[in-house]
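> quick one, fold the following:
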Amino acid sequence: MDIKTITTFIAMTVPFFLLTVWMLVDVSMKQFKTPGEKAAWWLIALIPFVGCFIYLIIGFRRGKKTADG
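Predicted coordinates:
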């Protein structure tokens, strides 16, 4: 592999990795109706590429921030 390929790979994967970490932290800080719903959003957030779009479109507004978050 050459340096251009490695750089392109890193440039394409790092934003999705950071977005996934942010989604997991966001789900952790929110309170959902049931623990099962929270677990489902955790699993959706872990799905590569597609999970971030599903969470941002549907899940981002579902939970409520806790008082300490």
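> quick one: mean pLDDT over stretch 36-51.
Stretch 36-51 comes out with an average pLDDT of 90.
> tell me the buried residues in that stretch?
The neighbour-count check on stretch 36-51 (16 or more other Cβ atoms under 10 Å) flags 38, 41, 44-45, 51 as buried. All C-beta atoms are positioned from the backbone trio N, CA, C, and that covers glycine.
> please apply the same query to stretch 55-66.
Neighbour-count burial for stretch 55-66 [16+ other Cβ under 10 Å]: 55, 59, 63.
> show me what contacts the first one?
Okay, so that is Tyr55. Tyr55 makes contacts with 23, 27, 41, 44-45, as judged by Cβ atoms under 8 Å, 6 or more residues apart in numbering.
> adding secondary structure and distance to Ile3, write the residues you listed out as TSV.
Shown next, in TSV, are the contacts of Tyr55 (DSSP: H, G, I helix; E, B strand; the rest coil; distance: Cβ to Cβ, whole Å):
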residue	secondary structure	distance to Ile3
Met23	helix	31
Val27	helix	36
Trp41	helix	38
Ile44	helix	35
Ala45	helix	32
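> export those residues to TSV and tack on distance to Ile6?
Listed next are the contacts of Tyr55 as TSV, based on distance: Cβ to Cβ, whole Å:
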residue	distance to Ile6
Met23	26
Val27	31
Trp41	33
Ile44	30
Ala45	27
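> any stretches of this structure with poor pLDDT?
Within the chain, the stretches with pLDDT under 70 are 67-69.
> thought Thr34 was touching Gly63, still the case?
No - at 11.1 Å, Gly63 does not count as touching Thr34 under the criterion of Cβ atoms under 8 Å.
> kindly indicate which of the buried residues of stretch 55-66 lies nearest Thr8.
Distance to Thr8 across the buried residues of stretch 55-66 (Cβ to Cβ) is lowest for Tyr55, with 25.5 Å.
> much appreciated, bye for now.
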